[in-house]
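[1] please find the sequence and the predicted model below.
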Amino acid sequence: MADNKMKIRAWMTGDRATVKAILFHPMETGLRKDKATGQAIPAHYITEVKCEHQDKNVLTCLWGPGVSKNPFLSFRFKGAKAGDSLKISWVDNKGESATTTSTIG
């Protein structure tokens, strides 16, 4: 996987923060086969995504193998202001994880 595992953009729209993120991950279901070898490609997918605003959880997603490669996540929430910190983290079924922080613009 790439070194940069997420890209986040967050901004204020009225009294709500809008967050858009792309999580770079292969998201393999375990059901596909390698065309060259015919062997099954092992399952490798994100199982949990968390978003924290100022160290308070605002979103938790429980995902499975049915989510597409490099998933896009978009949501809005109240209670933020420009300049606040935002942290998104994920864990996958192999125990790998990534965390990225951003500032709400």
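    On my side now, so go ahead. Numbering: from 1, shown residues only.
[2] low-confidence stretches in the protein?
    Within the chain, the stretches with pLDDT under 70 are 1-3.
[3] now do 90
    In the predicted model of the chain, residues 1-4 satisfy pLDDT under 90.
[4] in the protein, which spans are strands?
    Taking DSSP state E, the strands of the chain run over residues 6-13, 16-23, 46-53, 56-62, 72-78, 85-92, 97-103.
[5] partners of the second one in the sheet?
    If I follow you right, that is strand 16-23. Applying DSSP bridges, strand 16-23 is found paired with strand 6-13 (antiparallel), strand 72-78 (antiparallel).
[6] any idea which of those strands is most buried?
    Neighbour counts (mean count of other CB atoms under 10 Å) averaged over each of these peak at strand 6-13, with a mean of 16. In this view, the C-beta of every residue, glycine as well, is placed from N, C-alpha and C.
[7] by how many degrees do that one and strand 97-103 diverge?
    30 degrees (axes from the mean of the first three to the mean of the last three CA atoms, to 10 degrees).
[8] and for strand 6-13, what's in contact with it?
    Contacts to strand 6-13, defined as CB atoms under 8 Å, 6 or more residues apart in numbering, come from residues 17-24, 76, 80-82, 86, 88, 90, 98, 100, 102-105.
[9] go again using 7 Å as the cut-off
    Strand 6-13 has contacts (CB atoms under 7 Å, 6 or more residues apart in numbering) with 17-24, 80-82, 86, 88, 98, 100, 102, 104-105.
[10] narrow those to just the buried residues.
    17-19, 21, 23-24, 80, 86, 88, 98, 100, 102, 104 (16 or more other CB atoms under 10 Å).
[11] which stretch among the strands of the chain comes nearest Lys33?
    Nearest of those to Lys33, taken as CB to CB: strand 85-92 at 20.8 Å.
[12] return stretch 67-86 as CSV; C-alpha atoms alone will do.
    In CSV, the C-alpha atoms belonging to stretch 67-86 read as follows (Å, rounded to 0.1, in the frame of the first residue of the first chain):
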residue,chain,number,x,y,z
VAL,A,67,-17.0,-2.1,0.3
SER,A,68,-15.2,-1.0,-2.9
LYS,A,69,-11.5,-0.5,-3.3
ASN,A,70,-10.3,3.0,-2.1
PRO,A,71,-13.6,3.8,-0.4
PHE,A,72,-14.9,7.4,-0.3
LEU,A,73,-16.4,8.6,2.9
SER,A,74,-18.6,11.8,3.2
PHE,A,75,-20.5,13.0,6.2
ARG,A,76,-21.6,16.2,8.1
PHE,A,77,-21.8,16.9,11.8
LYS,A,78,-22.7,19.8,14.1
GLY,A,79,-20.6,21.3,16.9
ALA,A,80,-17.4,22.1,15.0
LYS,A,81,-15.8,25.4,14.1
ALA,A,82,-13.0,26.4,11.7
GLY,A,83,-9.6,25.5,13.0
ASP,A,84,-10.8,22.5,15.0
SER,A,85,-8.9,19.2,14.7
LEU,A,86,-10.3,16.2,13.0
